[in-house]
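Enquirer: Please find the sequence and the predicted model below.
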2 protein chains.
Amino acid sequence: MKFIYSLFLVILVNLQVVANDGYKLWLQYYPIEQAASWQVSALTDQKILGNSPTIDLIKKELENAKAMLEPNKKKHQKGNNLLIGKVGDLNLNHIPTSQIEQLTDEGYAIFNHIGSRQLIVTSKTDLGLLYGTFKVLQLIQTGNSVSNEGLFESPKVKHRVLNHWDNLDRTVERGYSGFSIWNWHRLPRHIDQQYHDYARANASIGINGTVLTNVNANALVLTPEYLEKVKALADVFRPYGIKVYLTARFSSPIEIGKLPTADPLDSEVQSWWNEKANEIYQYIPDFGGFVVKADSEGQPGPHNYKRTQADGANMLADAVKPHGGIVMWRAFVYNEHTPDDRHKQAYNEFKPLDGKFKENVIVQVKNGAIDFQPREPFHPLFGAMPQTPLMMEFQITQEYLGHDTHLAFLAPLFEEVLKADTYTQGNGSEVAKVIDGSLHGHDFTAMAGVANIGTDRNWTGHHFHQANWFAYGRLAWNPYSSSEEIAEEWLKLTFTSNSDFVNPIKKMMLNSREMVVNYMTPLGLHHIMAESHHYGPGPWVTGGRRADWTATYYHQASEDGVGFDRTKTGSNALEQYATPLQEAWESLETVPEEYLLWFHHVSWSAPLKNGKSLWDNLALHYQKGVDESRENIAIWKSMERKIDHERYTHVLSFLQIQNQEAIWWKDACLTYFGQFSQMPIPEEVEKPLHDLEYYQRIKPKNVPGI
Amino acid sequence: MKFIYSLFLVILVNLQVVANDGYKLWLQYYPIEQAASWQVSALTDQKILGNSPTIDLIKKELENAKAMLEPNKKKHQKGNNLLIGKVGDLNLNHIPTSQIEQLTDEGYAIFNHIGSRQLIVTSKTDLGLLYGTFKVLQLIQTGNSVSNEGLFESPKVKHRVLNHWDNLDRTVERGYSGFSIWNWHRLPRHIDQQYHDYARANASIGINGTVLTNVNANALVLTPEYLEKVKALADVFRPYGIKVYLTARFSSPIEIGKLPTADPLDSEVQSWWNEKANEIYQYIPDFGGFVVKADSEGQPGPHNYKRTQADGANMLADAVKPHGGIVMWRAFVYNEHTPDDRHKQAYNEFKPLDGKFKENVIVQVKNGAIDFQPREPFHPLFGAMPQTPLMMEFQITQEYLGHDTHLAFLAPLFEEVLKADTYTQGNGSEVAKVIDGSLHGHDFTAMAGVANIGTDRNWTGHHFHQANWFAYGRLAWNPYSSSEEIAEEWLKLTFTSNSDFVNPIKKMMLNSREMVVNYMTPLGLHHIMAESHHYGPGPWVTGGRRADWTATYYHQASEDGVGFDRTKTGSNALEQYATPLQEAWESLETVPEEYLLWFHHVSWSAPLKNGKSLWDNLALHYQKGVDESRENIAIWKSMERKIDHERYTHVLSFLQIQNQEAIWWKDACLTYFGQFSQMPIPEEVEKPLHDLEYYQRIKPKNVPGI
């Protein structure tokens, strides 16, 4: 016993000493304290049926996962306690056949078999088994046993993809955690271990596709030199169930095909794309397809030839169709020469095209009509194109939520959008039902998340931004998941199951996005960040090349008030929503305060629900965000001894930066808007330390992500 | 006993399972098999005297190092077996006082104390204790016990610095292992663990300075916004004994000072630099000083004002002098408008200035007169400026030796230069004696190594390129060290002490640089790489903006022969060397074959020492390099079970790339030169697979490092 005790001590000491740089993400497999008998059983004697590269991954994963048990090895129990095999291979009576039959190809079942006393993971496919294996291991790590009813899980969305805005020179547009993990120069000859680790992490949360390249695309990736490199990555990712996609630059036929035009109705252009698709599929037989950003922010597109977005998308769809490929065509189309409210342009462009897209085209719509703001009402297109499969584009990387250093758990943002009711088919027409296809009966479903992954040793810059990658995966699998459950699971997998840590930190995570809204863009303010790099406040940004890239365009502040009038007296963007929403949001009485300045221009002195003026409310929101970011530091400090020192210190310094920048946002915005309101800052609010000129003079150099 | 046995098994299994990404460098502290009693003693009971941040680092290091003992813990022995303390704190009789007195401030002694049976590490300073501690731990890991005489070590060079060619946007000029580890955007508010790990690794090999920024400098780093960031790094590095230096852009007074000139004799300019230095030292009281690249490759400098290099250097020297700072002024000055052989220009520029530099200026001279080629004769300046302290600039990053993927252990290259005899003061006037100051009686000594460090998880891209960082540190500490000892020590610290691994791999390392010379630039060929990115062969590079950036300028190939005539009939660069060397190198009979085409234009059919023609010899050298790179793959494959899988696989794929590229070099160069020789490729040589046009058409995109 003494020896065992000292063994425990050695292991505990090691846990504290060994640096944890976060590379292992939510796959820590840290030793479970006092593992229960079922956990020990499942990890110590297993039988895995089948034979394939994916099955090999399952075996390796179970081997890795044994680390969870080190102090409990003595309890080793024999008897194939965990059985993993495809439905047809099981050869068992008393399995829940009907529930298993309902699984999709990627679905899995986990249940305790009554006859054999085995824990069973089954599926129709090897990939489903891999997903089920990860789930079992997650249950073991978090200490959640399988109920008597068992667990039957199928993804509700078919294509669950990450979008990397990675350039071929390894810079990452809107990337704040280093540079691209794709080392194009070394590919295809060197396959880095990180590519495996990337695929494994994605598979462990059900992501099944990756778009390797930036939507602001470079045609070079479609040349043989780069296709060989893409193929090498696809070969790594295949056993993990991850398909590779590329962004297609619309003008590629000109740039690399030497054609005089890229007109989608030109037969030479069509042939060029057909042949290009044939070529790509020779390298990668299961190539996923194309993502396209066209006619937006300087990108070429069908508009250059007076064609519609459908003309462009359908040409590419025809090219990949014979190979089973798809086209994800982005709806993020707006034009600085269009005089109308940017909010309305995508709807105006796409709604008339409903039903005009080929069957392997899905229209990729950002969650809101502007651009990934800390809070936006859901995009009106989600309620407007019943005949067209629509997919969600979320931004995991925090372009507008503080970049690398701000803790903002995004699941509540994603959940808010997914749960929003479009009222397209009456009450209960939530966005989630558009995305999972159930509202309009589409089988072709997808979700995209703009990745926050880079060369930083912990992948995502902020350790807590790993949670946003994780949450995206969970919500793409099941858009009805709850933020709270995701946060709890992620914390337990990533740090510890100690409830003294999990409970307070979960609360902090769940509140964090609202906190960011408060100190950046409360009450429906939006797009008031610094120009170009979008780092820090810039409510004064005005003029320049494009009005729709300024802040003044969006906040419309003057002495008579602030906010963008999108009611009938203004741009009437509201008419793009269903009647119940139009009615609720066009009235100052009924519009939710979080959307107030999104839809209304309101006088500074107008009283809000609490009886205080708009100005006072604005100031109090900013202060609340600052206060909360300060409290987070104290909460985190109380966790020092509960987790490893390296991650503790890293997170602490980021929380401190976040608090400083929350104050920066508050002070800059209140100083700026105060010029117009000419009202005093309420007593409860800390006074800005500097004058407006000071804040306007701040010009950080070499900000990452552009 | 069964339990202990199973404990061993657990640990062994873990060693194989746990991925080793190489981040720990030569500080692996892997468990020693069957540790001897002295190793166990030294690691299990220690007494550390003193109290300072550096002493804290020593304690932490000893704690980390305990990992070496895990399976031997049971042998724990009491009695302060390892005693670490400054000379004045020791309070012991029978210590080797006179040897200790001779130590420099950074030196250390390690010896077994007869009276107390303790192993003692002592020094005059805490930093010396840190160096001594690292040495003791290296001895323990490699199993080399301290002899009865003890070990008394002082560095022979005072300033042992890394030069980072890192830009403020985190790109790295000639950097092939990712991007800059300096995250300027997050500094000073976030101090990454990697900064500590960087400093620790450097301290463990005696490096005591770091130049953070590219010699192609950006004045922005001298503004308060960036000085705050530099200060943050300096604060991290200080306890490790590492001083921070910056590159000074000569035109900074114009760019950030808004002066109309940067003339070094202008009093306003001088005042500006004086004040800038005062400002820097307020941030960083122990700031090391400036490194300057002036009047070269487009950089501004004193030539812009018709001043000398001494005028420029002395102005900066005056500015940092009151604070104890130094100026490292680079001799790498050449001009495309100067008609003379580039080889001669630095000498012509600097020799007349001998004795004209202020006492805190040291002239930084690259090892050869061209530019870090796989092989160059030593730079003639080393024999030409007795009154001026000269420092060595080596390039650790492999700009011309295959970038990230080619194994080329550089210690033999460094050693070859250091051991070269300049004959300045007669026989035995080796370059090493110029560098350590002994030849001309200079106290002010320094060495610089252009770093190969980046964001790659293993720091240096190739695992074996860690050895070049290590070797540089060892040779900067002691320029008389042997490559073989360095290789052996590095291998044992980094992988294993198993001689079945160490011996063959050491041999492979020691031969690797000559192998690269063979397949790239045999027989004195030089500067025949591709233009701009310098990746791959480019003997056909000609024309363009600068003749001195082409290949044809250097190889002068025509039907009558190949090689640069630097004898009296040519540029007579030879006259810059001492008479014995002139005599030996100007004759075709006595010039070493490795310098043949460096100094001579030789006809293709001229017989060399082996009786075969120059052309045949050239071809055979190329083939030899290819053959050896192929053999390396086989040797490495036989090591599969001797080390961890992750590093094994990584190195293997790089060796395979190296072999492919060796063939590429051979085929491209022989095809190109064959046009002129019009002689058949010898039978023993594998024929090129393609025609010249094929090789010339290869234009890799987005090559890292520019």
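Expert: That came in fine, so what should we check first?

Enquirer: Give me the spatial nearest neighbour of residue A:238, chain neighbours excluded.
Expert: residue A:286 (6.9 Å; C-beta to C-beta, 6 or more residues apart in numbering or on different chains). In short, each C-beta sits where N, CA and C put it, glycine included.

Enquirer: And the strands in the stretch 301-450 of chain A?
Expert: Using DSSP state E, counting those that start in this stretch, the strands of the stretch 301-450 of chain A run over A:326-330, A:361-366, A:390-395, A:446-450.

Enquirer: out of these, nearest to residue A:535?
Expert: strand A:390-395 (15.4 Å; C-beta to C-beta).

Enquirer: what packs against the closest one?
Expert: Strand A:390-395 sits against strand A:361-366, helix A:411-419, helix A:431-435, strand A:446-450, with contacts defined as 3 or more C-beta pairs under 8 Å, 6 or more residues apart in numbering or on different chains; DSSP states H and E.

Enquirer: what do you get if the cut-off is 10 Å, keeping everything else the same?
Expert: strand A:159-163, strand A:326-330, strand A:361-366, helix A:411-419, helix A:431-435, strand A:446-450, helix A:466-477 (3 or more C-beta pairs under 10 Å, 6 or more residues apart in numbering or on different chains; DSSP states H and E).

Enquirer: TSV please, covering the ones you listed and showing mean pLDDT.
Expert: TSV is the format used below for the helices and strands packed on strand A:390-395 (pLDDT from 0 to 100):
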stretch	mean pLDDT
strand A:159-163	98
strand A:326-330	98
strand A:361-366	98
helix A:411-419	98
helix A:431-435	98
strand A:446-450	98
helix A:466-477	98
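
Enquirer: Out of the ones you listed, flag the one nearest chain B.
Expert: helix A:466-477 (16.5 Å; C-beta to the nearest C-beta).

Enquirer: Export the helices and strands packed on strand A:390-395 to CSV and append columns for mean neighbour count and distance to residue B:683.
Expert: Converted to CSV, the helices and strands packed on strand A:390-395 look like this (neighbours: other C-beta atoms under 10 Å in any protein chain shown; distance: least, C-beta to C-beta, whole Å):
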stretch, mean neighbour count, distance to residue B:683
strand A:159-163, 26, 54
strand A:326-330, 27, 56
strand A:361-366, 26, 61
helix A:411-419, 23, 68
helix A:431-435, 25, 68
strand A:446-450, 26, 59
helix A:466-477, 26, 58
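
Enquirer: what pLDDT, on average, does the longest helix along chain A get?
Expert: Ranked by number of residues, the top helix in chain A under DSSP state H is helix A:645-677. Per-region confidence: helix A:645-677 scores 98 on mean pLDDT.

Enquirer: List the buried residues in it.
Expert: By 16 or more other C-beta atoms under 10 Å in any protein chain shown, the buried positions in helix A:645-677 come out as A:646-648, A:650-652, A:654-659, A:661-674, A:676-677.

Enquirer: close to chain B, is that helix?
Expert: Yes - Helix A:645-677 reaches chain B (C-beta under 10 Å from any C-beta of the partner chain) through A:645-647, A:649-650, A:652-654, A:656-657, A:660-661.

Enquirer: now those residues in TSV, with distance to residue B:25?
Expert: Compiled in TSV, those are given as follows (distance: C-beta to C-beta, whole Å):
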residue	distance to residue B:25
A:645	20
A:646	17
A:647	22
A:649	21
A:650	21
A:652	27
A:653	24
A:654	26
A:656	30
A:657	29
A:660	34
A:661	35
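
Enquirer: ok, those vs residue A:415, which is closest?
Expert: Using C-beta to C-beta, the residues of helix A:645-677 next to chain B come closest to residue A:415 at residue A:654, 23.7 Å.

Enquirer: What are the phi and psi values at the closest residue to the closest one other than its chain neighbours?
Expert: Among residues not flanking residue A:654 along the chain, residue A:405 sits closest, at 4.6 Å (C-beta to C-beta, 6+ apart). For residue A:405, the backbone dihedrals are phi -100, psi -10 (criterion: degrees, to the nearest 10).

Enquirer: isn't residue A:405 right next to residue A:652, touching?
Expert: No - with contacts counted by C-beta atoms under 10 Å, residue A:405 stays clear of residue A:652, the gap being 11.5 Å.

Enquirer: Buried residues of stretch A:342-361, list them for me.
Expert: Buried-residue list, stretch A:342-361, by 16+ other C-beta under 10 Å: A:342-347, A:349-350, A:353-354, A:356-357, A:360-361.

Enquirer: Among those residues, which lie within helices?
Expert: Using DSSP H, those in helices are A:342-347, A:349-350.

Enquirer: thinking again about what came up before, residues shared between the contacts of residue A:405 and residue A:652?
Expert: residue B:190 (C-beta atoms under 10 Å, 6 or more residues apart in numbering or on different chains).

Enquirer: Contacts for stretch A:542-553, please.
Expert: So stretch A:542-553 is in contact with A:297, A:334-339, A:341-343, A:345, A:370-371, A:525-532, A:537-541, A:554, A:557-558, A:564, A:669, A:672, going by C-beta under 10 Å, 6+ apart.
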